[in-house]
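Enquirer: Let me see the structure of the following:
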Amino acid sequence: MIKELIDLQRNSNATCAIIENKDIRKLYPGVAIKANVSDKFLFAHSRPPFADIIDEKSKNSEICYLVIKGIDEISIDQQNRYNGLVKDRELNRYFLPDNCVIVFTVENRNGLKKVSKELYHFAVVAF
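Expert: Numbering: from 1, shown residues only. Next up is the predicted model:
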């Protein structure tokens, strides 16, 4: 059920999904990064470091996932770094392939309370 809900986000602009950390293993193929990565990791390159992997996985699969782990573990200001990624499917002039689904993880249902209102507004909660 979780995977089916997430898969519905494919080819949908300005949306993402939120799942529990324990369900990350159900998502394949994909790339996972920690939500608390540094700004240098996200923005200091002409392309995000994970871009080539996402491009490769999206070519070889009907769907792929960009999983951002632990969004509930970082501040609202840090969460806001991902707004453009969700709204525009773009990060540092790199546009996600249409078949790539953005997925955030939280520890549990209580973690949803810590997700920024803006990100939550665009999310499908898949648990």
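Enquirer: Could you count how many residues lie near D72?
Expert: 20 (other Cβ atoms under 10 Å). In short, each C-beta sits where N, CA and C put it, glycine included.
Enquirer: no, scratch that, I was asking about E62
Expert: If we define neighbours as other Cβ under 10 Å, then E62 has 9 of them.
Enquirer: That one contacts N99, doesn't it?
Expert: Yes: in this structure, E62 is within contact of N99 by Cβ atoms under 8 Å, at 6.5 Å.
Enquirer: Give me the neighbour count for V115.
Expert: When neighbours are defined as other Cβ under 10 Å, V115 has 19 of them.
Enquirer: Could you measure from G84 over to C100?
Expert: 15 Å (Cβ to Cβ, to the nearest Å).
Enquirer: how far is the lengthiest helix in the chain from where the chain is centred?
Expert: Secondary structure of the chain per DSSP state H: the longest helix is helix 51-59. A distance of 14 Å separates the C-alpha centroid of helix 51-59 from that of its chain, computed with Cα atoms, centre = their mean, to the nearest Å.
Enquirer: next one: stretch 51-69
Expert: For stretch 51-69, the distance to the chain centre is 11 Å (Cα atoms, centre = their mean).
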